[in-house]
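In: Provided below are the primary sequence and the corresponding predicted coordinates.
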Amino acid sequence: MTITEDRPAEAAGEIGKARRRKEDQRLITGRTRWTDNITLPGMLHIAMVRSPFAHANVKSIDVEEAKAARNVVAVLTGKDLADTQGANANAWPITPDQVTPDHLPMAVDRIACAGEIVACVVARSAAEARDAAELVDVDYEELPAVLDMKEAIKDEVLAHPHLKTNKSAFWQLDSKEAGTGGDVDEAIAKAREGGIVIEREYRQQRLIPAFMEPRSVVVDPTGEQITMWTATQIPHILRFLLAATTGVAESKIRVIAPDVGGGFGGKLQTTPEEFIAFAVARRLAKPVKYTETRSESLVSGHHGRDQWQKLTLSAEKDGTVTGFKVELLADLGAYVAIMGGGVPVLGAWMFNSIYKFPAYRFNVQTILTNKTWVDAYRGAGRPEATFGIERMMDELAAELGVDPLEVREKNWIKHDEFPFTTVAGMTYDSGNYEAATAKAKELFGYDELRAEQQRRRESNDPVQLGIGVSTFTEMCGLAPSRILGQLSYGAGGWEAASIRMLPTGKVEVVTGTSPHGQGHETAWSQIVADKLGVPFEDVEVLHGDTQIAHKGLDTYGSRSLVVGGEAVVRAANKVIERAKPIAAHLLEASVDDLEFKEGRFGVRGTDKGISMGELALASFAAHNLPDGVEPGLDADATFDPDNFSFPHGTHLCAVEVDTETGATTMRKYVCVDDIGTIINPLIVEGQVHGGLVQGIAQALWEGAEYDEQGTLVTGSFVDYTLPTAADTISFVTDHTTSPSTYNSLGAKGVGEAGTIASTPAVVNAVVDALRPLGVEDVAMPCTPERVWKAINAGRAVNPEGERDAQAHFDQGTANQDAGTSGTDASPGSSTSSASEGSQS
Ligand code: MCN
């Protein structure tokens, strides 16, 4: 069953209808304008000269040969652009004393990571610019680079010597100090006496957002304004930061995000390339274009995740959790990017997840290294947290020898306990973990698969079955603004919408959100058609242009529907309110006698009525309006929610692990998500599918790796294992519905849910398959090599497992470098495992 199958194609209203996305026609057929398709008269092309070194002084740059190359117009260095290039800003300093290195778009005298830009060539064609970039001769003095965050924390080798430290910020949330729970140290100490303490260390490997459309920017400085087209998620934030850091008046900058081919957080950034293109266009007074190659994208677009998690969970012997301590090291890379240290901090409110933990502490030390900067990647902080807690709940279940769902159920918030304020201080409005789990178990065939697993274990089947569980929640739609302010977050959490009623009865919706694959044009049309009773086809949605949608906070953090969609609802309600006195006047009735239904004001008890379309024309003509009523029905609204939205769900995954080769094959994946009211089930299903693939990819395939010199060795798709449709299986998706109380739609976000939930489900499944062989963990990505090594290492520490596996393995190949270890696992004792793969 899928979400779309159990919903009528024609829902009663527009909300809930599985509409095909109206934007897809142009997106899929390519009849649209991507930034790289834009060609302006006299346009010049930029190629970047990037450092091959991770850390170096720039002693000199010889540009003469490049300048003399055919059709080269200019070669510019950081010194040339010094006064005009602006700066890459960190918009979320997580502490007042955060150490934040200056981040110039183009380095002037020192570079701090490979791929950093030291010069650019401007030529009449992109090919000529690239060729000439090869001729720029940079004399580097290589400096020692620090690449591993556990080394960096020692401050022996410095990523930025003048800062005297690699430690950027330390941030903590403690339930005892916050008054939201007890003392976690006490809880752990007590459990060491007579309960259970589980200690684990997990690695969130570095990932690279790999959107379909590489980043591209065109800048035209020749008009009254400087216009920038760019493949971004954040045109409004970008315009603000361009203005704030270059001194150009905001009113003189127009940023347009045309159709954007994916972002996944990777385009939630003000990039050096955008600033450089802006500065070069201004300097040469000519339109310019820069489009990155895929290799440039992988090395210099921001990366995601990259954390070490040290987790300590205490419980009573019956499995009731008494405390949870989270200590993170987060590698920020060379600079503190726009969200920077805020990404791991987002996990602070989510590590406790759906559980009623009485005591909790979260802290994170953010660290600077000589690698590409790290920032938001689908889920941003919440996948990491979900992974940590869901892996720990499995470890607790293993310790107790009970089913992983049993220990979760013992600890989760029951459906009649909402609203519930968690130990991290968040108030969850609604949810039903029991219902989602029951539905998921049924769709999965949980008991049958467990029985099959048992059979395979008993028969020593070389292909073992693993079942992974992830009962997750997340918070999306960052809000309200005043709380974000208290957290020093640089922006608000509101969103804006305008509805323009055109004289013909057609409707234009202007939204501050900036979709890049999420289908807002369709969903917002459905909302407006539903609220105003106008045909879906009559609604046009305008977005992503600061001149048209002058107010907005863009698209990230699964905020668009719950904040921006609700702003659309509020604007629609205002349109109805504006139309009401005009309708009453024209119908010669009292406002109190009117009712609005299906796009028509009717007079109760009569057949008299007037449609929205007729009112739009009447208010435009303004020939017969009531006294004091202004012409037009247009309305603006902004919405600043009182709280986040808290989607949740139960994801179940079955994998088959070939214990002879280490290969993992997905067998079945079922997810039941609860995202409250669904606007468009087809879009939601697409969002869930895409999200799942990204989360599964972290578990099984993807990982950025650097060599000892700080060169990204996964710098192309040959080495960076991005999955394709062929790598995945058909997912079974379904839902339960616990409406949100924080917006009138009752909706919760979905854009990141699949990614957040799926990674631990898959790793839990892999470990579950191998646990009888003594395996307690496999470092991500769980490649065949790592799984194979883990089996061998597991066998080495678990004689029973060794006996079980005897038939299949050669004892002589046991390898301890497997990202796994197991120790005493008897109840009442501490257990610990550290997992580290070969990644730095
Ligand atoms: N929706 C719905 N009913 C709900 C929830 C959502 O019909 N209860 C619909 C919305 O109307 C919207 C879509 O689902 O059309 C996603 O909504 P939402 O959860 O509000 O997420 P955003 O629109 O804010 O999108 C951001 C989110 C994030 S943070 C990442 S990362 C991500 C994602 O969306 N990147 C994407 N999905 C992506 N999809 C594509 N194709 N490309 C990306 O780069």
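Out: On my side now, so go ahead. Keep in mind that what you see is a predicted model, and the values were worked out from it rather than measured. Numbering: from 1, shown residues only.
In: what about the stretch 51-200 of the chain, any weak spots by pLDDT?
Out: Across the stretch 51-200 of the chain, nothing is flagged by pLDDT under 70.
In: which residues of it fall in helices?
Out: Along the stretch 51-200 of the chain, counting by DSSP state H, counting those that start in this stretch, helices occupy 64-67, 126-133, 149-152, 175-178, 184-194.
In: And for the stretch 701-840 of the chain?
Out: Under DSSP H, counting those that start in this stretch, the stretch 701-840 of the chain gives helices at 753-770, 784-797, 799-805.
In: Deepest in the core, which of those is it.
Out: Among the helices of the stretch 701-840 of the chain, helix 753-770 has the highest mean neighbour count (mean count of other Cβ atoms under 10 Å), at a mean of 30. Just so you know, the C-beta spots here come from the backbone N, C-alpha and C atoms, and that holds for glycine as well.
In: other SSEs contacting that helix?
Out: Helix 753-770 is packed against helix 382-400, strand 463-473, strand 648-658, strand 664-674, helix 681-700, helix 784-797, with contacts defined by 3 or more Cβ pairs under 8 Å, 6 or more residues apart in numbering; DSSP states H and E.
In: so that helix versus helix 784-797, what angle?
Out: Counting by axes from the mean of the first three to the mean of the last three Cα atoms, to 10 degrees, helix 753-770 lies at 40 degrees to helix 784-797.
In: Return the distance of helix 753-770 from the chain's centre.
Out: 18 Å (Cα atoms, centre = their mean, to the nearest Å).
In: Please apply the same query to stretch 91-111.
Out: Centre-to-centre, stretch 91-111 and its host chain are 23 Å apart (Cα atoms, centre = their mean).
In: Quick check: end-to-end length of it?
Out: Its first and final residues considered, stretch 91-111 spans 22 Å by Cα to Cα, to the nearest Å.
In: Any idea which of the helices and strands packed on helix 753-770 has the lowest pLDDT on average?
Out: The minimum mean pLDDT among these belongs to helix 784-797 (a mean of 87).
In: next one: it to chain centre, how far?
Out: 32 Å.
In: Likewise for stretch 314-332?
Out: The chain centre lies 24 Å from the centre of stretch 314-332; the measure is Cα atoms, centre = their mean.
In: looking only at pLDDT, what's the mean for that stretch?
Out: Per-residue scores along stretch 314-332 average to 98.
In: Can you give me the buried ones in it?
Out: 314-315, 319-332 (16 or more other Cβ atoms under 10 Å).
In: who touches the residue of the stretch 101-250 of the chain found nearest the ligand in this structure?
Out: Using Cβ to the nearest ligand atom, the single residue of the stretch 101-250 of the chain nearest to the ligand is F211, 6.0 Å away. F211 makes contact with 231, 261-264, 266-267, 516 under the criterion Cβ atoms under 8 Å, 6 or more residues apart in numbering.
In: for L311, same thing?
Out: With Cβ under 8 Å, 6+ apart, L311 has these contacts: 198-202, 324-327, 388-389, 392.
In: hang on, it is in a strand, isn't it?
Out: Yes - counting by DSSP: H, G, I helix; E, B strand; the rest coil, L311 is found in a strand.
In: what helices or strands is the helix ranked longest in the chain leaning on?
Out: Longest helix in the chain by number of residues, with DSSP state H as the criterion: helix 566-587. Identification of packing neighbours for helix 566-587 by 3+ Cβ pairs under 8 Å, 6+ apart yields strand 495-501, strand 507-511, helix 520-532, strand 594-597, strand 600-603, strand 609-611, helix 612-621, strand 635-639.
In: wait, which of the ones you listed is closest to the ligand?
Out: Closest among those, using Cβ to the nearest ligand atom: helix 520-532, at 3.1 Å.
In: Now do the buried residues in that closest one.
Out: Of the residues in helix 520-532, those buried (16+ other Cβ under 10 Å) are 520-532.
In: Could you check how far that helix is from the centre of its chain?
Out: Per Cα atoms, centre = their mean, the centroid offset for helix 520-532 relative to its chain is 25 Å.
In: P515 versus the nearest residue to I679 once chain neighbours are set aside, what's the distance?
Out: Closest residue to I679 apart from its sequence neighbours, by Cβ to Cβ, 6 or more residues apart in numbering: A523 at 4.8 Å. Distance, A523 to P515, using Cβ to Cβ, to the nearest Å: 9 Å.
In: can you count the residues close to the residue of the stretch 651-800 of the chain at minimum distance from the ligand?
Out: Residue nearest to the ligand within the stretch 651-800 of the chain (Cβ to the nearest ligand atom): G751, separated by 2.4 Å. Here the count is done by other Cβ atoms under 10 Å, and G751 has 27 residues near it.
In: And the pLDDT for the closest residue in space to it that isn't next to it in sequence?
Out: Nearest non-adjacent residue to G751, counting by Cβ to Cβ, 6+ apart: S558, 3.9 Å away. For S558, the model assigns a pLDDT of 97.
In: From the ligand, how far off is S558?
Out: S558 is 4 Å from the ligand, where distance means Cβ to the nearest ligand atom, to the nearest Å.
In: so who does that residue touch?
Out: Contacts of S558 (Cβ under 8 Å, 6+ apart): 474, 476-477, 645, 647, 749-753.
In: what secondary structure does it sit in?
Out: coil.
In: coming back round to it: now do the contacts for the residue of the stretch 651-800 of the chain closest to the ligand.
Out: By Cβ under 8 Å, 6+ apart, the neighbours of G751 are 378, 476, 518, 558, 560, 687, 691.
In: Highest neighbour count among these?
Out: The most crowded member of these, judged by other Cβ under 10 Å, is S558 (31 neighbours).
In: sorry, back to before: make TSV from the contacts of L311 and add distance to S216 to it.
Out: Putting the contacts of L311 into TSV (distance: Cβ to Cβ, whole Å) gives the following:
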residue	distance to S216
I198	47
E199	47
R200	42
E201	40
Y202	36
F324	44
K325	45
V326	39
E327	40
G388	36
I389	39
M392	42
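In: V423: which of those is nearest?
Out: Distance to V423, by Cβ to Cβ, is smallest for F324 among the contacts of L311, at 8.0 Å.
In: in the sheet, who's paired with that closest one?
Out: L313, Y360 (DSSP bridges).
In: Settle this for me: it is touching M350, isn't it.
Out: No - look at F324 against M350 with Cβ atoms under 8 Å: they stay out of range, at 11.7 Å.
In: Hmm, P404 and D394 touching each other?
Out: Yes - look at D394 against P404 with Cβ under 8 Å: they come within range, at 5.0 Å.
In: Which one's more surrounded, those two?
Out: Neighbour totals were compared for D394 and P404, and D394 leads with 26 against 22 (other Cβ under 10 Å).
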